[in-house]
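Novice: give me a model of this one.
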Amino acid sequence: MRHWLMAFFLLSGVVHAAQCPRIVSQSPYITLQLEWLGLMECIVGASRYERRIKAPDTGGVMDPDGRAIAALKPDLVITSNWTKAEVLAAITPPGARSLRLSSFRAMSEIEDNLREIGRAAAVPDHEARVAAFAYRWRQKAAGIGKGERVLLLSSCTGQPYSFGRETWLAELFEMAGFRLAETTAGVRHLAREDTAEQIAARIEELKPDLVFIFTRQIAESCAAIPEPRGARLVALDGDKFLHPAPVLLEGLDELRRAMEELRR
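Specialist: Below you'll find the predicted structure:
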């Protein structure tokens with residue numbers, strides 16, 4: 001492991017322009033994975049959801065814009081498995097490669113994504129970068145929780161959803177020492193109507209010790225929810241948790257600080 005980490009820190013940085021394949025990223029989490037691999041400068045187009053970089057709009061995950069993608073002459077088109085296989089095949093230009101990634105069920109899928117992208121883009125040190133991420137997220141997660149039962153909520157407004165088993169966030173928080181209160185597998189969506197009442201009822205049913213809400217301003221977004229009995233509401237930055245990507249390392253740092261503050 002030390003060998004891989006030393007190689008990563010010695011070789012980390014961007015892929016040289018001469019080695020850069022022309023890449024289309026169809027999701028912000030994919031852009032974050034590309035960043036970890038040193039491929040940001042290789043991105044020639046990105047989805048309509050992208051906020052971090054300026055790049056030509058190539059449509060959405062469900063509805064990629066084939067004409068826009070073809071005009072960019074990409075070498076590699078990367079999307080999630082939310083894009084139907086037949087749709088991806090239809091919009092991938094002749095001579096280009098495409099990747100359709102599974103990313104949302106486990107932390108190991110993030111590692112697999114990095115490895116698959118690294119191979120496709122011929123990143124020379126991609127295995128070192130994968131190993132560094134695998135080591136660092138486990139190291140950062142260790143010992144944060146003390147067995148607290150937790151409910152993981154995307155937000156308090158709009159159409160919130162909670163994370164259950166077989167999601168990357170469930171695994172991340174369990175590895176960090178928490179116990180998951182949600183009983184379902186995957187993501188449970190709550191209806192847009194009577195959101196506050198639904199969340200309050202869910203908290204009352206599951207009786208978590210902590211409710212983590214992935215939003216920057218908990219006071220504004222969760223003001224309508226009555227203070228749950230026996231539970232604490234904790235706000236975390238969704239940009240650091242809701243993308244299955246190495247930005248989770250920053251999220252773990254924030255989570256540790258939040259728990260240290262709670263225990264003072």
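Novice: after the helix or strand of the chain with the lowest mean pLDDT, next one along is what?
Specialist: Least confident helix or strand of the chain, by mean pLDDT, DSSP states H and E, is helix 2-11 with a mean of 49. Note on helix 2-11: by DSSP states H and E, the next helix or strand toward the C-terminus is strand 23-25.
Novice: could you chop this structure up by domain?
Specialist: Domain ranges of the chain: 2-140, 142-262, per automatic domain parsing.
Novice: adding mean neighbour count, write these out as a markdown table.
Specialist: C-beta here means a position set from N, CA and C on the backbone, and glycine is covered the same way. As requested, the domains of the chain are arranged in a markdown table below (neighbours: other CB atoms under 10 Å):
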| stretch | mean neighbour count |
| --- | --- |
| domain 2-140 | 18 |
| domain 142-262 | 17 |
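Novice: lowest mean pLDDT across those, which one is that?
Specialist: Among the domains of the chain, domain 142-262 carries the lowest mean pLDDT, a mean of 88.
Novice: so how far is the first residue of that one from its last?
Specialist: Length of domain 142-262, first residue to last, CA to CA, to the nearest Å: 17 Å.
Novice: what's near enough to touch Leu37?
Specialist: Going by CB atoms under 8 Å, 6 or more residues apart in numbering, Leu37 touches 15, 114, 117-118, 121, 123, 126, 129.
Novice: and stretch 23-42, how far out from the chain middle?
Specialist: Averaging C-alpha positions (CA atoms, centre = their mean, to the nearest Å) puts stretch 23-42 12 Å from its chain's average.
Novice: my error: substitute stretch 45-59 in the last question.
Specialist: 17 Å.
Novice: what's it in contact with?
Specialist: Stretch 45-59 is touched from outside by 24-28, 31-32, 40, 43-44, 60-61, 64-65, 68-69, 71-72, 74, with contacts defined as CB under 8 Å, 6+ apart.
Novice: quick one, phi/psi of the closest residue to Ile144 other than its chain neighbours?
Specialist: Closest residue to Ile144 apart from its sequence neighbours, by CB to CB, 6 or more residues apart in numbering: Ala176 at 4.2 Å. With angles defined as degrees, to the nearest 10, Ala176 sits at phi -80, psi 0.
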